[in-house]
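Engineer: Mind looking at a prediction? Sequence and model below.
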Amino acid sequence: MIFLGVNIDHVATLRQARGTRYPSPIEAALVAESAGADLITLHLREDRRHIQDEDVRVMKQVLKTRMNLEMALTQEMVENALAVGPEDVCLVPEKREELTTEGGLDVIRYFDSVRDTTKVLSDAGIRVSIFIDADKAQIEAARDAGAGVIELHTGRYADAHHALERDAELTRIRDAAVYASHLGFVINAGHGLSYHNVKPIAAIAEIAELNIGHALVSHALFVGFPAAVREMKALMVEGRQGL
Ligand SMILES: CC(=O)[C@@H](O)[C@H](O)COP(=O)(O)O
Ligand SMILES: NCC(=O)COP(=O)(O)O
C-alpha cells in the first residue's frame, strides 16, 4: 500500500498570477480526493506566494481525507496550525528568494526549535513530519526532536541529469528509508516527483506516502485533474509491485 498526497499549491500559483478567484485550490482538492488522492498537501508559505490563509481555513472544513500542512518553523505558522488543526504538519525550510524548496530542514542546526515546535503541535493532536534530506544524522536528529514521521526530500533525485547521479540519489533515499524504518519512523517522500521518475521511489517498500504537486498540476492542464491523479496513482502502484 502506498498513499498519494496531492499537493494543490500550484493551482493557487495560477490564481495568484492574476489575482482572480479562479482556479480554486479547494475545488482541485475535492476533485483530487474523488479521483483517489489519499490526502491533500498544501504549503502555506510565509510570503503567501500561492496558498492563502483563507484556503487553509476553508479547506480544513471541506476535506474528506486529511490535510498535510507544510509550513516553516515560525511562531506565526505554529499559531496558524494550532488554529486550523490539520491532521498532519510537515515542517519545511523556507527562503524567501528561493524558486522552490531547495533541500531538507537542517534539524541539527535548528534542533531546539524543531523539538519545541514538534512538542507543541503533537500535544495539540497534530502528527508532525519533518522534511529532511536522506541523511542519517538528520534522521537521528528528527528522532531526538520527537518526530514520528519524516518526509525524504527527493528533489536531488528528480533533478539529476545523468543516470549515475540519479541512481546514487535513489540509493541514498532507499538506504535512508531503511535506516529510518529501523528507528520506527513513518516515512514519506516528495519533491519534484513526476510521471517519469516516480516508479523507482514508489518501489521502496518502507515509504508510506508520496506528496506530489507540480508535475501533477502541470499534467492536469492536458488530461484534466481526475485523470492526472489516477495516472499518478496507477504508476505508484505499479512501482510498488515492481512492474
Ligand atoms: C515542501 C515542498 O516540497 C512543497 O511545498 C513544494 O515546495 C511546493 O512548491 P513550491 O516550492 O513552489 O512552493
Ligand atoms: N513535499 C513535496 C510536495 O508536497 C510536492 O512537491 P512538488 O511535487 O510540487 O515538487
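Structural biologist: It's in. Ligands and ions are numbered 1, 2, ... in the order given.
Engineer: Write out the residues of this protein neighbouring ligand 1.
Structural biologist: 7, 9, 43, 45, 70, 92, 100, 101, 131, 190, 191, 213 (CB under 6 Å from any ligand atom). From N, CA and C alone the C-beta is placed, and that goes for glycine too.
Engineer: let's see it at 8 Å
Structural biologist: Counting by CB under 8 Å from any ligand atom, the residues of the chain close to ligand 1 are 7, 9-10, 13, 41-43, 45, 49-50, 70, 90, 92, 98-101, 131, 153, 155, 190-192, 211, 213-214.
Engineer: So which of the residues you listed belong to strands?
Structural biologist: 7, 41, 42, 43, 70, 90, 131, 153, 190, 211 (DSSP state E).
Engineer: filter those down to the ones close to ligand 2.
Structural biologist: Within these, those near ligand 2 by CB under 8 Å from any ligand atom are 7, 41, 43, 70, 90, 131, 153, 190, 211.
Engineer: picking that back up, check the ones in strands among the residues of the chain next to ligand 1 against ligand 1 and report the nearest one.
Structural biologist: Proximity of those to ligand 1 was ranked by CB to the nearest ligand atom; the top entry is residue 43 with 3.3 Å.
Engineer: before we move on, the earlier item: mind putting the ones next to ligand 2 among the ones in strands among the residues of the chain next to ligand 1 in JSON lines, distance to residue 139 included?
Structural biologist: Output for those, formatted as JSON lines (distance: CB to CB, whole Å):
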{"residue": "7", "distance to residue 139": "23"}
{"residue": "41", "distance to residue 139": "21"}
{"residue": "43", "distance to residue 139": "22"}
{"residue": "70", "distance to residue 139": "19"}
{"residue": "90", "distance to residue 139": "15"}
{"residue": "131", "distance to residue 139": "12"}
{"residue": "153", "distance to residue 139": "12"}
{"residue": "190", "distance to residue 139": "16"}
{"residue": "211", "distance to residue 139": "18"}
